[in-house]
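J.: compute the structure for the input listed below.
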Amino acid sequence: MAGVAHGNPGLAGAAAEILDSRGKTLERVSKYLGIATSAQAAFQAVILGLEQARRWRPDSVRLLLENDAVRRQLTGKSRAHIPETIDLLARAEALLADQPDVVLPVPDPKVMSVAERLAILAVETRGRRLALD
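T.: Have a look, this model is predicted:
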């Protein structure tokens, strides 16, 4: 899952790649957000990904989230302070509560995820649909 903002705040996008337990891609989703902060975009990515993952009825969920501050807030290690971020955190926590087993490992910062590329593409195209292979 990835949320990006070109500027903080700036034009933003969110995306998620849903994988099965063997690593096979089940679904890729992205969304253009308009103007948002990087934290808001990251929370939107979590919400988008969890809403889509719910359809697959997973036994467990691994959230690979590149935004460390958002990951710390989701695990309760730090608090959100901005009202808009607090609301997004509450929405994400409600979706996480519905999942049976959730893990938030730290992803390799050297590897750009498919989700991050999709979020960047959502910003660059302003959400217009593109035909992708």
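
J.: please name the nearest non-neighbouring residue to residue 33.
T.: Ranked by C-beta to C-beta, 6 or more residues apart in numbering and with sequence neighbours excluded, the top spatial neighbour of residue 33 is residue 12, at 4.2 Å. Heads up, the C-betas are built off the backbone N, CA and C, glycines and all.

J.: which residues sit against whatever helix or strand residue 70 lives in?
T.: Residue 70 belongs to helix 68-74 when elements are defined using DSSP states H and E. By C-beta atoms under 8 Å, 6 or more residues apart in numbering, the list of residues contacting helix 68-74 from outside reads 3, 39, 42-43, 46, 63, 65, 78-80, 85, 89, 92-93, 96, 104, 106.

J.: now those: which count as buried?
T.: By the neighbour-count criterion of 16 or more other C-beta atoms under 10 Å, the contacts of helix 68-74 include these buried positions: 3, 39, 42-43, 46, 63, 65, 80, 85, 89, 92, 96, 104.

J.: can you tell me how far the nearest residue to residue 103 once chain neighbours are set aside sits from residue 33?
T.: Closest residue in space to residue 103, ignoring its immediate chain neighbours: residue 62 at 5.0 Å, by C-beta to C-beta, 6+ apart. In this view, residue 62 and residue 33 are 24 Å apart by C-beta to C-beta, to the nearest Å.

J.: for these two, indicate the residue with more neighbours.
T.: Taking residue 62 and residue 33 together and counting by other C-beta atoms under 10 Å, residue 33 has the greater number of neighbours (23 against 14).

J.: and the residue nearest in space to the middle of the chain, helix, strand or coil?
T.: When the chain is reduced to its mean C-alpha position, the closest residue under C-alpha atoms, centre = their mean turns out to be residue 45, at 2.3 Å. Of the three states, residue 45 takes helix under DSSP: H, G, I helix; E, B strand; the rest coil.

J.: just to revisit the earlier point, helix or strand right after the helix holding residue 70?
T.: Tracing the chain C-terminally past helix 68-74 and defining elements by DSSP H and E, one meets helix 83-97 next.

J.: okay, now residue 95: neighbour count?
T.: 19.

J.: skipping adjacent residues, who's closest to it in space?
T.: Spatial nearest neighbour of residue 95, chain neighbours left out: residue 50 (4.0 Å); criterion: C-beta to C-beta, 6+ apart.
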